[in-house]
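Colleague: coords below, sequence missing:
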């Protein structure tokens, strides 16, 4: 039985790169697409936001001297590329999918339409929200929460490299403690960087729960059930 019926899945662009760290790894995107398709078959309604870090990150580009708005514009284009690639991977799994961009990108994909997005998800079609919020200075974490609120999702599910939220980076600090659940307020007070503060604040304002879990085979569909995986963020 599904614990969450309609969810917004947030993936990093780097997750699609596999071990290379750049571009899109075919085997990786195919198994991720299979996980999503199987979740839809189980009855889930899914929206998807993918970052663009496997191609370019606006913050990194601006650190190298580029204007931040220009860097973020490039990042938005990177998310559109990832969304189109995932749409293709989903369709190869027999799963219908549609890309909606925050900025006009016709004929490559359609533009964001809240009511249409809800209707598509209700009919079993995965909706890929691309181009972030359509504005610079906002991350795809914030875009994920925004689209989740707009499309009336029950939860944001953020897939990461680790199995939840820790008191510190578990890779660098072996004494870091994993939280089974945590409040939005505690994330902000502890300055935990699992999501940017704007995304956390928006989720808190709308009482939208966030589940942070490790991207691994079987974890997504298990996270949609009563199985206890990752860290649950709530008010």
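Modeller: Sure, I can see it. This is a predicted model, so every value here is computed, not measured.
Colleague: when you work out contacts or count neighbours from here on, use the C-alpha atoms and nothing else.
Modeller: Fine.
Colleague: strands of this protein, residue ranges please.
Modeller: Taking DSSP state E to define them, one finds strands in the chain at 6-11, 45-50, 97-101, 110-111, 126-130, 155-160, 165-166, 178-179, 181-183, 210-214, 231-234.
Colleague: can I get those strands in JSON lines including mean pLDDT, distance to residue 90 and mean neighbour count?
Modeller: Formatted as JSON lines, the strands of the chain follow (pLDDT from 0 to 100; distance: least, Cα to Cα, whole Å; neighbours: other Cα atoms under 10 Å):
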{"stretch": "strand 6-11", "mean pLDDT": "98", "distance to residue 90": "14", "mean neighbour count": "24"}
{"stretch": "strand 45-50", "mean pLDDT": "98", "distance to residue 90": "12", "mean neighbour count": "27"}
{"stretch": "strand 97-101", "mean pLDDT": "98", "distance to residue 90": "7", "mean neighbour count": "24"}
{"stretch": "strand 110-111", "mean pLDDT": "98", "distance to residue 90": "17", "mean neighbour count": "18"}
{"stretch": "strand 126-130", "mean pLDDT": "98", "distance to residue 90": "9", "mean neighbour count": "28"}
{"stretch": "strand 155-160", "mean pLDDT": "96", "distance to residue 90": "18", "mean neighbour count": "24"}
{"stretch": "strand 165-166", "mean pLDDT": "96", "distance to residue 90": "29", "mean neighbour count": "24"}
{"stretch": "strand 178-179", "mean pLDDT": "96", "distance to residue 90": "33", "mean neighbour count": "16"}
{"stretch": "strand 181-183", "mean pLDDT": "96", "distance to residue 90": "31", "mean neighbour count": "16"}
{"stretch": "strand 210-214", "mean pLDDT": "96", "distance to residue 90": "20", "mean neighbour count": "23"}
{"stretch": "strand 231-234", "mean pLDDT": "96", "distance to residue 90": "27", "mean neighbour count": "21"}
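Colleague: burial count for residue 175?
Modeller: Residue 175 has 12 neighbours, counted by other Cα atoms under 10 Å.
Colleague: again, but for residue 134
Modeller: Count around residue 134 with other Cα under 10 Å applied: 16.
Colleague: swap in the one 4 residues further on?
Modeller: Residues contacting residue 138 under the criterion other Cα under 10 Å number 16.
Colleague: the bottom helix or strand of this protein by mean pLDDT?
Modeller: Here the helix or strand of the chain ranked lowest by mean pLDDT, DSSP states H and E is helix 58-63, holding a mean of 71.
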